[in-house]
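Enquirer: any chance you could fold what I've pasted below:
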Amino acid sequence: MIYNYLKIAFRSLLKYRFIFFTNLFGLTVGFTCCLLIFVYILHELSFDQQHPQADRTYRVTRLFRNAETGATNLNLASVAPPFAPLLANDFKQIEQITRVLPTGSVTMRYEDKLFTERNVYFADEQFPSFFTVNMVAGDRTTGLKEPFTVMLSEDVARKYFGAADPMNKMVRFNNEQTFKVTGVYKEFPSNTHLHPSLLVSFNTLRDTLIYGERNLATNWGNNSFYTYMRLPANYDAAKLEAQFPAFLDRHVTEEGATIKASKWTQLSLQKLSDIHLHSHLDSEIEENGDIRRVYIFSAIGLFILLIACINYMNLATARSVLRAREIGIRKVVGAERRELVFQFLSESTLITWIAMILAFTLTWQLIPLLNKVSGQTLSIQALLRWEILLPIIAAPFLVGLLAGIYPALFMSSFRPVKVLKGFMKTGGANISFRQVLVTTQFAVSIMLIIATAVVYRQLKFIQEKSLGFDREHIVTMNYDGALTERYNAFRTELMANTNVKNVARSSRIPTGRLLDAQGASLERGDSLTPVSADIKYVEADQDFISTYGVKTVAGRSFSRDYGLDTASFMVNEAAVKAMGLVSNEAAVGKNFRYGGQRGKIIGIINDFHFESLHQRIIPLVLLIPQDGRFNRMSIKVAGANMPAAIAHIENTWKKFLPETPFNYTFLDERFSDLYRAEQRQGTLFTIFSCIAIVIACLGLFGLSAFAINQRIKEIGIRKVIGASVSSIVTLLSKDFLKLVIVATVIAFPVAWYAMNSWLADFAYRSTIPWWIFAGAGIIAVLIALVTISYQAIKAATANPVKSLRSE
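Expert: Residues are numbered from 1 along each chain as shown. Sure thing, here's the model as predicted:
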């Protein structure tokens, strides 16, 4: 019986090839989109799941708040070094605890080869066992026990040593310390929130020249240590968190402090598997994903599949006119309605199965392209697990049932007497249902068009918005402390070339986060009064303001004419307002203390966007460090001859720092990287919008074909009595255009709400103008008109004699 159903189904599909291939195209595209998005979702949801006992592994985070107002100043993904041993000592329910310290960019040397590594971590000896690091050579339990030992990833080991055995080889670290290689491990998988290239023994930090035992035990201000713990099975982490305030009050003390630590700082536990999609704290170890993007693309995938299913319904019912006599004859010879329903469902299931096979093949071929567009490292292997593969295998049956049930019930309800006499008509309710389906298709398509336009408008807004400084033609690089004593000579040689306009040093550069803060006090009356506002700081030299073109709106800028100028401060306009001063001019000359540094406010700078446009401009103070230590260097170059400028900078760098590799980036590229996720999202929205529109047009094509075939004799009569082709085309088109207009009415408020929510992530954002909605509606109407016109013109130009011959 089943074989007979499938055989008839196959013959029927081949008989109506155009409708078959149209349906197959729509379902294949729908399944392909769903599978590609499913691969992405599986990848995002799999982050850190491969680690042992991931469900009971937590990261310790730290929040800082204003003790007076309770406002959050900073919410860090990392904590201070004393916390790990103290937590392990005070809470016996903690089974294991480990910590790592990222080091930033490091110069590594082996023999005469130099390398720059950016993913270098000091890791304690428990770290490789805690995360079950996959060892290629060495012992994960003892590899990091001794100080001045290092474990390398397989790629790094191959880069340094080629085919030679790396074990017990000696490598040089920043041309200062020598480390012994005690292990080689496989790279961490892509779906984890950290990817160390080198793991350096944490015990090395106990050396006084590097960090020091005392600092590890007492430094509460350096919150750069990522700390992880594992709790017992079924243990409620909230119970442990409830004990943290008392723990903080016991251990975190400051000389002369009268406020308990729990009033201004807080520890929390964050589940390891929640970090990638749910954590957007300050100082994340790497850029995380976003659960909202998972929801958005899940919805898009389901919408596109829904549109494809609606197409099948519409095209199948359109084909019903052609199959009316077949159904009538089969009923006359004894076929029951149940058998006809099974027959039509077998056709829909067969086509969905063929579509799924084609979609799986296309997914395999398109994943590399998706990786390029999305910046992910997705693999078809994600779909080849039994717990995933079985639902995929079952999907064609479910989709075939959902897509085929309405056409099956509709066509099996034909009365044989009427259809064999040529009087087969469909009820108004049936037409209304198909109209609802097409309206739904276009509503979804219009929403995607609007979403795409809003995303690109925001990206354009970001690119064109004035940031309050000049970001063009600025080369940035790490500042090497070895330059400090010879910096003036280095700068003079750089400036000797006309292609170099200025050189500056700072602790951070624009595009970075403003996370550093110390207590501030301002002159009020005859004394310095603590400032309640949170003011971040950047250490900068005398050339920072001029290099970046930041405007001094009151007072003066840092200047070499005033020597080191370390007793001077510059604040931005936001800081002036936060300190309650009446004007910029009123702030100039005020005595000011920041941290341990005291002096006067000499100038006010304009509010410029140091961070991305996701963050609001916050109070900021610039100061010149007394120890002369910086982290970053910025070089302003002429845009006319960029290659010559870079070549001169490189030659000068190599002259002064022959042991350090030359690496640089352009500031404008760093700004582009800040909005990389939005750019990719815009690209994917464009692709999926086009796909949705194409599939929706197929559905409209099916409905128009069905409706026009139902009115073929009416058209013939109208032509006989003198109706023109244009009037007939207008008559046939207007009903369908009404559906598109209804779709726009439905889509506009939904799209407005969704995109307003998306824009809320930006502190500075564009508006959603009316013309985006109007444009999306006009595009939808034009596309619908083109789609309908083919069928309408074909019917209007047909010979009326043929359509009226049976009357």
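
Enquirer: give me the element the closest residue to Tyr456 other than its chain neighbours is part of.
Expert: Nearest residue to Tyr456 in three dimensions, chain neighbours excluded: Gly682, at 5.3 Å (CB to CB, 6 or more residues apart in numbering). Any C-beta I mention is one placed from the backbone N, CA and C, and that applies to glycine too. Gly682 belongs to helix 676-710 when assigned by DSSP states H and E.

Enquirer: which elements pack onto that helix?
Expert: On a contact count with 3 or more CB pairs under 8 Å, 6 or more residues apart in numbering; DSSP states H and E, helix 676-710 meets helix 17-45, helix 291-332, helix 337-374, helix 428-464, helix 725-759, helix 770-796.

Enquirer: let me see the contact set for the residue nearest to Tyr456.
Expert: 452, 455-456, 459 (CB atoms under 8 Å, 6 or more residues apart in numbering).

Enquirer: can you rerun that using 6 Å?
Expert: Gly682 makes contact with 455-456, 459, according to CB atoms under 6 Å, 6 or more residues apart in numbering.

Enquirer: which of those residues ranks first by neighbour count?
Expert: Val455 (21 neighbours; other CB atoms under 10 Å).

Enquirer: roughly how far does the nearest residue in space to that one that is not next to it in sequence sit from Tyr753?
Expert: Among residues not flanking Val455 along the chain, Gly682 sits closest, at 4.1 Å (CB to CB, 6+ apart). Distance, Gly682 to Tyr753, using CB to CB, to the nearest Å: 19 Å.

Enquirer: try Val39
Expert: From Val39 across to Tyr753, the span is 29 Å (CB to CB).

Enquirer: those two - which one has more neighbours?
Expert: Set side by side, Val39 and Tyr753 show more neighbours around Val39, with 23 against 10, by other CB under 10 Å.

Enquirer: thinking the more buried one is in contact with Ser379, fair?
Expert: No: with contacts counted by CB atoms under 6 Å, Val39 stays clear of Ser379, the gap being 7.6 Å.

Enquirer: just for this structure, where's the confidence low?
Expert: 1-18, 254-258, 315-341, 343-344, 403-404, 406-434, 702-703, 706, 799-807 (pLDDT under 70).

Enquirer: spatially central residue in it, please.
Expert: The centroid of the chain falls nearest to Ala677 when counting by CA atoms, centre = their mean (4.1 Å).

Enquirer: now the phi/psi pair for Trp386, please.
Expert: Phi and psi for Trp386, reported as degrees, to the nearest 10, are phi -60, psi -40.

Enquirer: over to Ile617?
Expert: Per degrees, to the nearest 10, the backbone of Ile617 is at phi -70, psi 130.

Enquirer: what of Tyr58?
Expert: Torsion angles, degrees, to the nearest 10, at Tyr58: phi -130, psi 150.

Enquirer: next one: it from Leu74, what distance?
Expert: The value you get for Tyr58 to Leu74, if CB to CB is used, is 20 Å.

Enquirer: for Ala796, state which of the contacts of Gly682 is nearest.
Expert: Tyr456 (38.9 Å; CB to CB).

Enquirer: where along the stretch 451-600 of the chain do the helices fall?
Expert: Using DSSP state H, counting those that start in this stretch, the helices found in the stretch 451-600 of the chain span residues 487-495, 544-548, 573-578, 584-587.

Enquirer: of Tyr58 and Leu74, give the one with the bigger neighbour count.
Expert: Per other CB under 10 Å, whichever of Tyr58 and Leu74 has more neighbours is Tyr58, with 23 against 20.

Enquirer: host element of the residue nearest to the more buried one when sequence neighbours are not counted?
Expert: Leaving aside its chain neighbours, Tyr58 sits nearest to Leu269 (4.2 Å; criterion: CB to CB, 6+ apart). Secondary-structure assignment from DSSP H and E places Leu269 in strand 265-271.

Enquirer: name the residues that touch the helix or strand just after that strand?
Expert: Remark: after strand 265-271, the chain's next helix or strand is helix 275-278, criterion DSSP H and E. With contact meaning CB under 6 Å, 6+ apart, helix 275-278 is reached by 47, 193, 288-289, 291.
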